[in-house]
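Colleague: Below: sequence and its predicted model.
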Amino acid sequence: MSESESASKENSVFILRYAEVGIKGKRARGMMEGKIRTNFRDLLSRLGDSCEIRSSRGRIFVSGFKSEDNVRSALSRTMGIKSFSHATEIRIKSIEDILDYCKSRFPSQLKGKKFAVRARRAGGQSFTSMDIARAVGDSLYSFSAGVDLGNPDLEINVEVRDNRAYIFTDSQNGPGGLPIGSEGRVAALVSGGIDSPVAAWYLLKRGCMVDYVFISLAHPADTVEFLKSIRSLIKFWSSGYIPSINIVDGTPLLEEILLSGKVRVPNITYKRTLYEIAKRIALEKNGNGIVTGESIGQVSSQTPANLMAINAGFDFPVFRPLVGLDKDEITEVARRIGTFPETSMGEFCSLFSQEVVLRADPEIIKSDFSSVLGLEEMVRTRVQISASEIDDVIESLQKSNLLSSEIPEGAYAFDLRAPLDFREWHYPGAVNIGLKQLKDTLIQEGKWDRPVVFYCTKGLQSAYAAGIARKMGIDSYFVPIDSLRRNQAKKVTQ
């Protein structure tokens, strides 16, 4: 290959930039750069692509890929990357090589537009960044509508490093933060709601490997919602490690905490118990803390006084990345990262709606928690699934779901809402009971010769009740109240 051919050769590359990583010491920066490369390769390989990567003076260069779209998709989800640009790389001997390329590429793009040239360089060239900007600007001026350094229609960027120039016109933001795997491991308490998956995402962004812990109260219905909520986190955002997914049967806790009557502050004691379960699972993986989706004042268990009471005597770090965000802000992030739930059955706090305490006494919480039994067994018997199994498990659970769209003719119907709501509207023939009366009601009736159907305000309580009844050998289901209202309205108008 001749020198002129070598100088004119063009390559398609992506330039990766980081922010926080760049201010680390030499050893930490090298480690983190390595994790960025590894994690990006991981995400790119899931798209069926591969690449070549090299680093130079605070930049990472990606080449040899099959698809620009694949690279953009993977880079936009690689933690630690602040921004990236798709550039053309040319080998240069002098500034003239840069001018030749720019004059071959940009004249048609500049017609009727104002432009600006931004130049940077690193290496021992005989010209400066200002020389580059001035020369490129002069060579393209006659093709344009003029120069506008403040608000150009087209911005031409030229980065020169040693004997290579990188020329690009766009820059796209990455997620920023630190590369996953650089800051240890944590366990996230995640529900099927909006907040907790976002909290887990923020810990991924801070460089933590995140494992997932779910306390199921209405399996399989709520388990499906949980798996759907973390599917995007694992498929699109988690890279460079294998997350642990843990599903704990939490129904014994409702017996112990809500229905037994021996716990004085059920809503706070329940949350404290979840912390302990997550802590034990985290320690199995040498975790450094647990993550929750709590935001101050969002629900009764999240007042500052109650958070203090929950933490009293809990000797393990609790990370609350959403603590200062409101619901709209959290929802915006959930939509952006792909974790916003398709449906919502409500969360555990709805089960304690009649037991609200805003300023719990830490000593009472300690006493209540000490009376809760069986945590070791719950942790020991939890179900663990791999990331690759999520879709298959969701499909399998949906086939065995307790959800129904209507109450079959002749079925027994139970309304689990508050008496006031029941009096305002209820399904014809439904009987109003609370969860505390559930088991006694099912036992007293003896053998059930027809299906039993439950409904409540959002779905979680009725799904729990249907699961308990199913364990007792009763043909049982739960129905969303909105479906009942619609079906009933149709019958009335027919």
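Modeller: Alright, I've got the coordinates.
Colleague: In terms of pLDDT, where does Arg264 sit?
Modeller: For Arg264, the model assigns a pLDDT of 88.
Colleague: So it versus Lys366, what's the distance?
Modeller: Noted for Arg264: a distance of 11 Å to Lys366, by CB to CB, to the nearest Å. Quick note: C-beta positions are derived from backbone N, CA and C, even for glycine.
Colleague: One more: Asp326?
Modeller: 31 Å.
Colleague: With Arg46 instead?
Modeller: 46 Å.
Colleague: do Ile156 as well
Modeller: 65 Å.
Colleague: With neighbour numbers in mind, choose between those two.
Modeller: The neighbour count for Ile156 versus Lys366, taken as other CB atoms under 10 Å, is higher for Ile156 (22 against 15).
Colleague: Might one say that that one is in contact with Tyr101?
Modeller: No - the criterion here is CB atoms under 8 Å, and Ile156 misses it with Tyr101 at 10.8 Å.
Colleague: Identify the contacts common to the two.
Modeller: Common contacts of Ile156 and Tyr101 (CB atoms under 8 Å, 6 or more residues apart in numbering): Ile167.
Colleague: Check the spacing between the closest residue to Ser55 other than its chain neighbours and Lys26 real quick.
Modeller: What sits nearest to Ser55 in space, not counting adjacent residues and going by CB to CB, 6 or more residues apart in numbering, is Glu33, at 5.8 Å. Relative to Lys26, Glu33 is positioned 11 Å away (CB to CB).
Colleague: go on, Gln302?
Modeller: From Gln302 to Lys26 the distance is 42 Å (CB to CB).
Colleague: So which of these two has more stuff around it?
Modeller: Gln302 (21 against 7).
Colleague: buried stuff in stretch 276-287?
Modeller: 276-282, 287 (16 or more other CB atoms under 10 Å).
Colleague: Nearest to Ala74 among these?
Modeller: The closest of these to Ala74 turns out to be Gly287 (CB to CB; 27.0 Å).
Colleague: List the residues that contact the closest residue to the closest one other than its chain neighbours.
Modeller: The shortest distance from Gly287 to any non-neighbouring residue, by CB to CB, 6+ apart, is to Arg185 (4.8 Å). Each residue near Arg185 by CB under 8 Å, 6+ apart is listed here: 208-211, 282, 285-288.
Colleague: hmm, 6 Å instead?
Modeller: By CB atoms under 6 Å, 6 or more residues apart in numbering, the residues touching Arg185 are 209, 285, 287.
Colleague: what about the nearest residue to Ile242 once chain neighbours are set aside, how many neighbours?
Modeller: Leaving aside its sequence neighbours, Ile242 sits nearest to Ala387 (CB to CB, 6+ apart; 6.6 Å). Using other CB under 10 Å, the number of residues around Ala387 comes to 18.
Colleague: And for Leu178?
Modeller: Per other CB under 10 Å, the neighbour tally for Leu178 reads 23.
Colleague: In this structure it contacts Gly207, no?
Modeller: Yes - at 3.2 Å, Leu178 and Gly207 qualify as touching, with contact defined as CB atoms under 6 Å.
Colleague: buried ones in the strand or helix carrying Ala188?
Modeller: Using DSSP states H and E, Ala188 falls within strand 185-189. For strand 185-189, the neighbour count (16+ other CB under 10 Å) marks 185-189 as buried.
Colleague: farthest pair in the residues you listed?
Modeller: Within the buried residues of strand 185-189, Arg185 and Leu189 form the most distant pair, 14.7 Å apart (CB to CB).
Colleague: Show me where the stretch 51-200 of the chain dips below the pLDDT cut-off.
Modeller: For the stretch 51-200 of the chain, no stretch is flagged by pLDDT under 70.
Colleague: Low-confidence ranges, the stretch 251-400 of the chain, go.
Modeller: In the stretch 251-400 of the chain (pLDDT under 70), the answer is 345-355.
Colleague: tell me the strands in it, going along the chain?
Modeller: Ranges of strands in the stretch 251-400 of the chain, per DSSP state E, counting those that start in this stretch, are 290-291, 318-319, 383-385.
Colleague: show me where the stretch 301-450 of the chain has helices.
Modeller: Applying DSSP state H, counting those that start in this stretch to the stretch 301-450 of the chain gives helices spanning 304-311, 327-337, 362-370, 375-380, 390-399, 419-424, 438-444.
Colleague: Correction: the previous question concerned the stretch 101-250 of the chain.
Modeller: Counting by DSSP H, counting those that start in this stretch, the helices of the stretch 101-250 of the chain are 107-110, 129-140, 195-205, 221-232.
Colleague: mind listing what Ser295 touches?
Modeller: 322-323, 325.
Colleague: ok, now Gln172?
Modeller: Neighbours of Gln172 in contact, by CB under 6 Å, 6+ apart: Phe84.
Colleague: I'd like the buried residues of stretch 276-287 laid out as a markdown table, including distance to Ile337.
Modeller: Below are the buried residues of stretch 276-287 laid out as a markdown table (distance: CB to CB, whole Å):
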| residue | distance to Ile337 |
| --- | --- |
| Glu276 | 29 |
| Ile277 | 26 |
| Ala278 | 22 |
| Lys279 | 26 |
| Arg280 | 28 |
| Ile281 | 24 |
| Ala282 | 23 |
| Gly287 | 22 |
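Colleague: so which of those comes closest to Gly410?
Modeller: Ile277 (41.0 Å).
Colleague: Would you agree Gln302 is in contact with Glu294?
Modeller: Yes - using CB under 6 Å, Gln302 is in contact with Glu294, at 4.8 Å.
Colleague: Domains in this protein, by residue range?
Modeller: Taking automatic domain parsing as the criterion, the chain consists of the domains 3-173, 185-399, 412-493.
Colleague: Buried ones in the lengthiest helix in the chain, by neighbour count?
Modeller: Criterion DSSP state H: the longest helix present in the chain is helix 26-46. Residues 29, 31-33, 35-44 are the ones in helix 26-46 that count as buried (16+ other CB under 10 Å).
Colleague: Stretch 321-337 now?
Modeller: Judged by neighbour count using 16+ other CB under 10 Å, the buried positions of stretch 321-337 are 321-323, 325, 330, 333-334, 337.
Colleague: what's the farthest-apart pair in those?
Modeller: Val323 and Ile337 (18.5 Å).
Colleague: hmm, back to that, quick one: closest of the helices of the stretch 101-250 of the chain to Tyr477.
Modeller: So among these, helix 221-232 is nearest, using CB to CB, at 10.2 Å.
Colleague: So for the closest one, mean pLDDT?
Modeller: If you average the pLDDT over helix 221-232, you get 92.
Colleague: Just want the angle from that helix to helix 390-399.
Modeller: Using axes from the mean of the first three to the mean of the last three CA atoms, to 10 degrees, the direction of helix 221-232 lies 160 degrees away from that of helix 390-399.
Colleague: just checking, what packs against helix 221-232?
Modeller: Helix 221-232 sits against strand 209-216, helix 390-399, with contacts defined as 3 or more CB pairs under 6 Å, 6 or more residues apart in numbering; DSSP states H and E.
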